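1. Generate coordinates for the sequence data below:
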Amino acid sequence: MCKNNNPYFMQASFKYIFWIFFGILFTSCNRDTVNSNKKTFNINLDQGLTSIDPAFARNQNAIWMTNQIFNGLVQIDSSIKTIPCIAKSWMVSDDALTYTFNLRNDVYFHDDPIFKGGKGRKVIASDFAYSFYRLIDPKVASSGGWIFSDKVKDQHNFIALNDSTFQIKLVKPFPPFMNLLTTQYCSVVPKEVVAHYGKDFRSHPIGTGPFKFKYWKEGEILVLLKNENYWEKDQAGVKLPYLDAVKATFITDKQSGFMSFLKKDLDFYYNVDGSYRDDILTKSGKMVSKYKGKFTLTKSPYICTEYVGILVDTNLALVKKSPLRIKKIRQAINYAIDRDKLIRYLRNGIGIAATSGFIPKGMPGFDSLAVKGYTYNPVLSARLLKEAGFPGGKGLPEITLNTTTTYKDLIEFIQGELTNIGMKVKIDVSPSASLRDLMSKNNVNFFRGSWLADYADGENFLSMFYSKNKVPNGPNYFAYYNKAFDKLFEQSYYETNDQKRFELYRKMDQMVMEYSPVVPLFYDQSVVMLQNNISGYAFNALSLMILKNIKKN
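-> Numbers count the residues shown, from 1 in each chain. Alright, predicted model coming up:
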């Protein structure tokens, strides 16, 4: 795409050629005509797409699409373990400050006119030095700046020792660092192409991934084509990807999108919206009989915890007079909620009761028995209220529970559960942006929230309770400050043995559960629906879309 202010700009001749190509390729693919062997994977991105530049891969759709076009040093497997990608091997120094990566020599950027002869050149170590500094470069203003901002001093911490050896020097140890590098923010991009297209790189992405960018008309259609020169192969030595193309539409109405899936216009559909959940799933989470055999539906762990947060710092004016400042009342709230009932009746069995701490199921190191959380126990809940000086809720002031429209039914359920033990709860519904703003300033006392993992390590969840992550610059929305917790959190940075680090995580999680600044409700699950002729979809707890192994029969 030419560099100008119009993101849809294309020369008329190119448009004409493209639409001839598009008509031939996708009409034949969608109708599965006998004369065409083209394999196109059709998806819908109902939340839209803001950018395909990995430096701005801040939401799921952007992450999904950048993952098809770009590669990084490392990647995740189906169990969300970190495995080689462009880096074939790596070493970590004894002080855990220096990471040295040995790069493959057969990885090339997609073809683009900016390259000499229009042919994509080989990826070298300096490309990673450029790509990583770009995340913290204030001129770029990447939403992924947090990846390196507190871990390196400046661009000199990214070192190309030679074309095939790349080094990163950290200012302090960070054991989950390799997991962090699997994020799509850490994809490699070519400096000369980014420099040429500038901000238009968002809509003219050039990477090294299994699919290359072809066309994007924002809000209407996105087309990716097979990268014929992709470097990865399957176990039999066959080059990936198997698909010829990926086509994304942008139908914003979820029910309309689902109808397109039922008509087989889409090969993939993600998650089940509340408006038609009962049409697809029974209350126990099974597919209803009328759809059995028509497509596949798979539920799998999704490392996200849905919760209700409580402000606990008694130095705050909002907390001083709130009954929620009393630990036994916070614990009573935790015991008062029937999480299994919530999941069954409000979510049709999607989710797992969060009874084993804040770190969710699916995260490496998760052990359902190692952290004692809260199960439904209304008798104990009532006893704790009595011990707090409010038998049956008598004399307890009304408390306000803040939420957004999307989660009003969930919060009304919690309101009902707390009413059953004598607590008076008022619901305050705000726009999402307004509630986030209140949370980021510790200006809301009792609130609904969720935390989705950025990378596969429990540190990502526990960071919400670390004192130095206080708002507005950090995610400690609870104003939970505990020196013993902080000491363990900082100790974990120097523990390179995963199992020993997981033990520290469990101790911290147990501390949080005992003090109860948070009410974990459920560990989320992703729901993926696929047509019966699709195989090879890679399910993982980060819900990262990986299409290079997909086969369409």
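2. Roughly how far does the nearest residue to residue 251 once chain neighbours are set aside sit from residue 324?
-> Leaving aside its sequence neighbours, residue 251 sits nearest to residue 257 (CB to CB, 6 or more residues apart in numbering; 4.5 Å). To be clear about C-beta, it is placed using only N, CA and C from the backbone, and glycine gets the same treatment. Counting by CB to CB, to the nearest Å, the gap from residue 257 to residue 324 is 40 Å.
3. Please apply the same query to residue 510.
-> To residue 324, residue 510 is 21 Å away according to CB to CB.
4. Who has more neighbours out of these two?
-> More neighbours surround residue 324 than the other of residue 510 and residue 324, with 19 against 15 (other CB atoms under 10 Å).
5. can you confirm the more buried one is in a helix?
-> Yes: under DSSP: H, G, I helix; E, B strand; the rest coil, residue 324 sits within a helix.
6. And the pLDDT for it?
-> Residue 324 carries a pLDDT score of 97 in this model.
7. wait, what's in contact with residue 100?
-> The contact partners of residue 100, by CB atoms under 8 Å, 6 or more residues apart in numbering, come to 90-93, 161, 165-167.
8. Low-confidence ranges, the protein, go.
-> By pLDDT under 70, the low-scoring segments of the chain are 1-36.
9. correct me, but residue 189 touches residue 132?
-> No: proximity of residue 189 to residue 132 does not meet the contact threshold set by CB atoms under 8 Å, at 10.2 Å.
10. Look at these two and report which has more neighbours.
-> The neighbour comparison of residue 189 against residue 132 (other CB under 10 Å) goes to residue 132, with 25 against 22.
11. Now that one: closest residue in space, sequence neighbours ignored.
-> According to CB to CB, 6+ apart, the nearest residue to residue 132 is residue 158 (4.9 Å).
12. partners of the one you found in the sheet?
-> Per DSSP bridges, the residues bridged to residue 158 are residue 168.
13. Surely residue 224 is within a helix?
-> No: per three-state DSSP, residue 224 lies outside any helix segment and is strand.
14. do you know how far it is from residue 39?
-> From residue 224 across to residue 39, the span is 13 Å (CB to CB).
15. Between these two, which contacts overlap?
-> Joint contacts of residue 224 and residue 39 (CB under 8 Å, 6+ apart) are residue 245.
16. follow-up on the earlier one: may I ask which of the contacts of residue 100 has the most neighbours?
-> Highest neighbour count within these: residue 166, with 27 neighbours (other CB under 10 Å).
17. so how far is residue 414 from it?
-> Distance of residue 166 to residue 414, computed by CB to CB: 49 Å.
18. Check which residues of stretch 478-497 are buried.
-> Neighbour counts using 16 or more other CB atoms under 10 Å place 478-482, 485-486, 488-489, 492-493, 495 of stretch 478-497 among the buried residues.
19. And it, end to end?
-> One end of stretch 478-497 to the other measures 30 Å (CA to CA, to the nearest Å).
20. Contacts for it next, please.
-> Under the contact criterion CB under 8 Å, 6+ apart, stretch 478-497 has outside partners 92, 96, 172-175, 309-313, 316, 319, 442, 459, 462-468, 470-471, 501, 504-505, 507-508, 511-512, 515, 517-518.
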